[in-house]
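Enquirer: heads up, no residue letters with this:
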């Protein structure tokens, strides 16, 4: 039986490679590998490279550079990758402010951009572009899900996010679904590491719940300080605030926190289990949501490259749009604005075998798109 | 706004100021005595945090970690001074900036190579966990109060060291006229190494103390370094007293600005707009304060007498 299966797989893979277009494809990955956001970029890179490695496609090469979470550096790297490295596809940027600095220029020069994470509203509505795909979500999505969830459990929420495009999208998304009262709405500096002033306001606000969107090191700092402050209000947030890259550094302070995500490590599907096992084998740690998003972005590029030449932009784009991939997330297809339509779940931070991780609680949205697709005319 | 909230915010500001003081004291000492602009000071802060987190993870004791942070940062500082900085005293500031910037890159990449890309975990010791209730029914974390106490002790210690000891006398003499004290037979090279190691140890201590509040990660020092420079410019470059007052001023201004500006603006525009604009204005506030102080007192609040 095993042999037959192997033979069948062999035949299938031969069949696929028979069709494949053997044309070199160069991918430029710009991501954050140093500073407070490094954990996010490292997971992005590793998830992406896992899918490239698994594809076995020798015609695809990836060049990676560190943007240090600085917009001006990201722009320089993008220019260099486009002009001297001659990349065909760009990808990897974690932060929306960096993405806004790079994408308009890149697509204007005829390059594809497949986002592994950042998804600002400005590029999902009127500003959408044929060459810009997002494999992760639209920025508002996970926050919308928490707004919907908070309707059931809370009446007076205190909400907080950093003052940058994704932070504004975050609170806008939350408020789009949340119908209760707001005890406070605070924007903090990007990269802020001390939240004592904000925590004092939370204590005094009389809120019955706190929603925070603080990715990377900001979330670690906030959660630790919040736990130390003795304030007992339940905290919730989008998946990024409690994703696998930050949980070990937050420690037990994160236990019980509710979050929203398109994927969690306990997903009970074959694709998800295989991805989890492969990732752990390759890198010896649990993947975060960023790794999954990057894994899918790489799968998308690989799937399109197998059927069409990137030099034929229309054909390549049509192949990308089909989203012919096996995502660990399960359902995945593209909306008219080339952002995902997918399910979003409620998760809870638990300790399993001594390791902090996220457990799926319930499904919040099924086949959820975004609020901006109707403004996109392509 | 209640008294309790106001008191808590004031303490938050002081605590931030004290942290900045630990960074700024070393920076201003090194600049004052050796005339050196040390951009790598933030890296020594990071070294302290990483040393504390690593040793605390090995041994399970925060206190051993704290000792390790002091030792590692001082040692790293001394090695850097002997290997690199020593060659820079006679060069102009641009060379110093270039060389110490290179040190930042080496420290960051080296730490990543040794300990990985992901933030490390460091918790506050059981002794300092929990909160205390202050007058007016305000509650405040014990750990932050402890940081304020440590900062006050260090400030007192530095005052005594500089003002009352032989070493302090030499440091002051070195600040005033380095050729002369060399001619008088004081081993100026050893003195410089000592001062550099002392400044580094203070930065390492700050890193370890803050590491338990925030995340211990590569690149954590640079944002603090910028604030520390603001502090020493406000306080008067080379003045420890200036560093103390400058740090407290920056800490309190930043904290109260973040807290009060959005509330003030909320009287005029919607809460969402107020949050966004107020947040942006608050992050500019300390630079506005710096500009105003420099306009009135171009050499800072407490410029050293000789300079």
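Expert: Nice, thanks for sending it over. Values in this document were obtained by computation on a predicted structure and should not be read as measured data. Numbers count the residues shown, from 1 in each chain, chains lettered A, B, ... in the order given.
Enquirer: the stretch 1-150 of chain A: strands as residue ranges?
Expert: A:25-31, A:60-66, A:89-91, A:112-115, A:132-134 (DSSP state E, counting those that start in this stretch).
Enquirer: so for the second one, mean pLDDT?
Expert: Over the span of strand A:60-66, the pLDDT mean works out to 95.
Enquirer: for stretch A:122-131, same thing?
Expert: Taken as a whole, stretch A:122-131 has an average pLDDT of 94.
Enquirer: tell me the residues of the stretch 51-200 of chain A that contact chain B?
Expert: Within the stretch 51-200 of chain A, the positions near chain B by CB under 8 Å from any CB of the partner chain are A:68, A:163, A:168, A:171, A:182, A:184-189, A:191, A:193-194, A:196-198, A:200. Placement of C-beta: from N, CA and C, glycine included.
Enquirer: of the residues you listed, which belong to helices?
Expert: Mapping these onto helices (DSSP state H) picks out A:168, A:171, A:196, A:197, A:198, A:200.
Enquirer: just give the number of residues close to the closest residue to the fifth one other than its chain neighbours.
Expert: Closest residue in space to residue A:198, ignoring its immediate chain neighbours: residue A:186 at 5.7 Å, by CB to CB, 6 or more residues apart in numbering or on different chains. The number of residues packed around residue A:186, counting by other CB atoms under 10 Å in any protein chain shown, is 26.
Enquirer: just confirm residue A:186 contacts residue B:272, I think it does.
Expert: No - with contacts counted by CB atoms under 8 Å, residue A:186 stays clear of residue B:272, the gap being 10.3 Å.
Enquirer: hang on, the earlier thing: the residue nearest to residue A:198 pairs with what?
Expert: residue A:160 (DSSP bridges).
Enquirer: residue contacts, residue B:148?
Expert: Residues counted as contacts of residue B:148 (CB atoms under 8 Å, 6 or more residues apart in numbering or on different chains) are B:11, B:14, B:15, B:18.
Enquirer: mind running it again at 6 Å?
Expert: The contact partners of residue B:148, by CB atoms under 6 Å, 6 or more residues apart in numbering or on different chains, come to B:14, B:15, B:18.
Enquirer: which of these are buried?
Expert: B:14, B:15, B:18 (16 or more other CB atoms under 10 Å in any protein chain shown).
Enquirer: excluding covalently adjacent residues, which one is nearest to residue 146?
Expert: You didn't say which chain, so I picked chain A. Closest to residue A:146 by CB to CB, 6+ apart is residue A:260, at 5.0 Å.
Enquirer: could you do chain B instead?
Expert: Per CB to CB, 6+ apart, closest to residue B:146 is residue B:128, 5.2 Å.
Enquirer: and the pLDDT at the one you found?
Expert: 89.
Enquirer: is the closest residue to chain B within the stretch 251-378 of chain A in a helix, a strand, or coil?
Expert: Going by CB to the nearest CB, chain B is nearest to residue A:251 of the stretch 251-378 of chain A, at 5.4 Å. Here residue A:251 is helix, with the state taken from DSSP: H, G, I helix; E, B strand; the rest coil.
Enquirer: list the contacts of it.
Expert: residue B:121.
Enquirer: swap in residue A:99?
Expert: Per CB under 6 Å, 6+ apart, neighbours of residue A:99: A:93, A:118.
Enquirer: can you do 7 Å?
Expert: A:93, A:115, A:118, A:120 (CB atoms under 7 Å, 6 or more residues apart in numbering or on different chains).
Enquirer: quick one: it from chain B, how far?
Expert: Residue A:99 is 20 Å from chain B, where distance means CB to the nearest CB, to the nearest Å.
Enquirer: gap between that residue and residue A:266?
Expert: The gap separating residue A:99 from residue A:266 is 30 Å, by CB to CB, to the nearest Å.
Enquirer: could I get the full set of helices for the stretch 1-150 of chain B?
Expert: Remark: helices assigned in the stretch 1-150 of chain B by DSSP state H, counting those that start in this stretch are B:3-34, B:41-59, B:62-83, B:93-115, B:142-164.
Enquirer: the shortest one close to chain A?
Expert: Yep, that's helix B:41-59 we're talking about. No - judged by CB under 7 Å from any CB of the partner chain, helix B:41-59 stays clear of chain A, getting no closer than 9.3 Å.
Enquirer: now do that helix against helix B:93-115, angle only.
Expert: 20 degrees (axes from the mean of the first three to the mean of the last three CA atoms, to 10 degrees).
Enquirer: which parts of helix B:41-59 are buried?
Expert: Those would be B:41-56, for helix B:41-59 by 16+ other CB under 10 Å.
Enquirer: what sits up against it?
Expert: So helix B:41-59 is contacted by B:23, B:26-27, B:62, B:64-66, B:68-69, B:72-73, B:76-77, B:103-104, B:107-108, B:111, B:115, B:120-122, B:200, B:203-208, B:210-211, B:216, B:218, B:220-222, B:224-225, B:228 (CB under 7 Å, 6+ apart).
Enquirer: buried subset of the residues you listed, written for ChimeraX?
Expert: Of those, the buried ones can be selected in ChimeraX as follows, counting by 16+ other CB under 10 Å:
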select /B:23,26,27,62,65,66,68,69,72,73,76,77,103,104,107,108,111,120,121,122,200,203,204,205,206,207,208,210,211,216,218,220,221,222,224,225,228
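Enquirer: intersect the contacts of helix B:41-59 with the contacts of chain A.
Expert: B:108, B:120, B:121, B:218.
Enquirer: reformat these as CSV; add pLDDT.
Expert: Formatted as CSV, the ones next to chain A among the contacts of helix B:41-59 follow (pLDDT from 0 to 100):
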residue, pLDDT
B:108, 89
B:120, 86
B:121, 84
B:218, 86
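Enquirer: just the closest of the residues you listed to residue B:234, please.
Expert: Nearest to residue B:234 out of the ones next to chain A among the contacts of helix B:41-59 is residue B:108 (CB to CB; 27.4 Å).
Enquirer: hmm, which helix or strand of the chain has the shakiest average pLDDT?
Expert: If you meant another chain, say so; for now it's chain A. helix A:2-19 (a mean of 50; mean pLDDT, DSSP states H and E).
Enquirer: meant chain B actually
Expert: Per mean pLDDT, DSSP H and E, helix B:178-183 ranks last in chain B, at a mean of 82.
Enquirer: gap between it and the chain center?
Expert: Distance of helix B:178-183 from the chain centroid (CA atoms, centre = their mean, to the nearest Å) equals 29 Å.
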